[in-house]
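1. Sequence first, predicted coordinates after that:
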Amino acid sequence: MAEMRHIPVMLDEAVEGLAVKAGGRYLDGTFGRGGHARAVLSRLGPGGRLLLMDRDPQAIAEARRAFVDEPRVAIRHANFGSLAEWDETAAGLDGVLLDLGVSSPQLDEAARGFSFMADAPLDMRMDTSQGESAADFLAQASEREIADVLWQFGEERFSRKIARAIVERRSESPLTCTGELAALIDRVVGRREPGKHPATRSFQALRIRVNGELDAVRHGLDDALSRLKPGGRLAVISFHSLEDRIVKQFIRDHAGRVQGSRRGPPAAAKPAELVAVGKAQFPSDAELAANPRARSAVLRVAEKLPLAERA
Ligand SMILES: C[S@@+](CC[C@H](N)C(=O)[O-])C[C@H]1O[C@@H](n2cnc3c(N)ncnc32)[C@H](O)[C@@H]1O
């Protein structure tokens, strides 16, 4: 099989945002196929260190192959939501990069079950070594739970109708393939948004649920902040509004605003720990023309404040 490629999204902007120092220690929590990681590594000197994580065993196999002779690189197969558990992070980090979502190889390899474009087992796990697949979830969840997932993580207007159809269908035989699910949703929804398959929202929602993606982002941000050194940078690329909202809110929550409601007595101001570096950034027109998968990307960068500057 030809090696599948992933075109890194907002590469220059993200690496610029990390303000890489030659002797620094950086963590890329979403190695994928290493586009961002290689760019960071190219800026590190002999004393620098690059920590790589991915929850996908195939991505980790690729990292191990690519950096077998690279003493500055350490690699760990894990969810970035537990990055602080890695002893390599205990010395503190000068930067953390999270390029969220799925990689092109994950989407393009039909057998991973992320895509409705080809018929394959309904899996959708990024970490194929553990956890429940999308087929397992759809076999066991209640109608209500399925509807909630489709609504909350996919903003699918037909969430209840689709959930009902799934539950009716599974009483006859289990739903095990992407093609069957896509066809069922197509029938239930019965209409198309321009340029969008009717199953797009449901597939996104199931993927987020199966991989616990939003919880991973929340834990990953907390862990990143705890491990960043003063002056260290956090750069996060999100691909949908649910993720971006969490990142935006996280930066805001740690920017030292006064807590408390307008009516109640003002609570003590929380000391600022982070400061946003610039505004949200989006891919350039040139990048969008070259790589349509960059379409919904948003990059946010923040810097951890030195103690003395915390208001
Ligand atoms: C958009 S791709 C990253 C692409 C990468 N920056 C590159 O240039 O090749 C996202 C990757 O992050 C991984 N991933 C997503 N969520 C993760 C998590 N919570 N922990 C670890 N890896 C995760 C996916 O398995 C996938 O390989």
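-> Arrived safely, thanks for sending.

2. ok, residues contacting the helix or strand of the chain with the lowest mean pLDDT?
-> Sorted by mean pLDDT, DSSP states H and E, the helices and strands of the chain end with helix 104-108, the least confident at a mean of 89. With contacts defined as Cβ atoms under 8 Å, 6 or more residues apart in numbering, helix 104-108 is touched by 4-7, 32-33, 56, 58-59, 112, 114-115, 126, 293. Quick note: C-beta positions are derived from backbone N, CA and C, even for glycine.

3. chain center to the next helix or strand after it, what's the gap?
-> Moving toward the C-terminus from helix 104-108, the next helix or strand (DSSP states H and E) is helix 134-140. Averaging C-alpha positions (Cα atoms, centre = their mean, to the nearest Å) puts helix 134-140 22 Å from its chain's average.

4. Which strands and helices lie in contact with helix 134-140?
-> Contacts defined by 3 or more Cβ pairs under 8 Å, 6 or more residues apart in numbering; DSSP states H and E place helix 134-140 against helix 159-172, helix 200-210.

5. buried subset of the contacts of helix 104-108?
-> Among the contacts of helix 104-108, those that count as buried by neighbour count (16 or more other Cβ atoms under 10 Å) are 6, 32-33, 56, 58-59, 112, 114-115, 126, 293.

6. List the beta-bridge partners for the residue nearest to F67 when sequence neighbours are not counted.
-> Residue nearest to F67 in three dimensions, not counting chain neighbours: V73, with 4.2 Å by Cβ to Cβ, 6 or more residues apart in numbering. The partner list for V73 in beta bridges (DSSP bridges) reads L50.

7. Around V73, how many other residues sit close by?
-> V73 sits with 21 neighbouring residues when counted by other Cβ atoms under 10 Å.

8. Quick one: residues contacting it.
-> By Cβ under 8 Å, 6+ apart, the residues touching V73 are 41, 49-52, 63, 67.

9. swap the cut-off to 7 Å and go again
-> 50, 52, 67 (Cβ atoms under 7 Å, 6 or more residues apart in numbering).

10. interface residues of the stretch 51-200 of the chain facing the ligand?
-> Listed as neighbours of the ligand in the stretch 51-200 of the chain under the rule Cβ under 6 Å from any ligand atom: 53-56, 59, 79-81, 99, 101-103, 126.

11. just the strands in the stretch 1-150 of the chain please.
-> Counting by DSSP state E, counting those that start in this stretch, the stretch 1-150 of the chain has strands at residues 25-28, 49-54, 73-77, 93-99.

12. Tabulate those strands (CSV), appending mean pLDDT and distance to E193.
-> Listed next are those as CSV, based on pLDDT from 0 to 100; distance: least, Cβ to Cβ, whole Å:
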stretch, mean pLDDT, distance to E193
strand 25-28, 98, 34
strand 49-54, 98, 32
strand 73-77, 98, 37
strand 93-99, 98, 27
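
13. Could you single out the most deeply buried of those?
-> strand 25-28 (a mean of 27; mean count of other Cβ atoms under 10 Å).

14. Can you say which helix or strand has the residue in the stretch 201-311 of the chain that the ligand sits nearest to in it?
-> Closest residue of the stretch 201-311 of the chain to the ligand, Cβ to the nearest ligand atom: A216 (3.4 Å). Under the criterion of DSSP H and E, A216 resides in helix 213-227.

15. Now do that helix against strand 49-54, angle only.
-> Helix 213-227 and strand 49-54 are oriented at 160 degrees to each other (axes from the mean of the first three to the mean of the last three Cα atoms, to 10 degrees).

16. mean confidence score for the helix or strand following helix 213-227?
-> Under the assignment DSSP H and E, the closest C-terminal helix or strand after helix 213-227 is strand 228-238. For strand 228-238, mean pLDDT is 98.

17. what comes into contact with strand 228-238?
-> By Cβ under 7 Å, 6+ apart, the residues outside strand 228-238 that reach it are 9-10, 14, 17-19, 92-100, 224, 244, 247, 297-307.

18. Narrow those to those that are buried.
-> Among the contacts of strand 228-238, the ones that count as buried by 16+ other Cβ under 10 Å are 9-10, 14, 17-19, 93-100, 224, 244, 247, 297-305.

19. Could you verify my assumption that the residue of the stretch 201-311 of the chain closest to the ligand touches S82?
-> No - at 9.0 Å, A216 and S82 do not qualify as touching, with contact defined as Cβ atoms under 7 Å.

20. Mind checking which of the two has more residues around it?
-> Using other Cβ under 10 Å as the criterion, A216 and S82 rank with A216 on top: 21 against 15.

21. what pLDDT does the closest residue to that one other than its chain neighbours get?
-> In this structure, A216 finds its nearest non-sequential neighbour in G81, 4.0 Å apart by Cβ to Cβ, 6+ apart. At G81, the model reports a pLDDT of 98.
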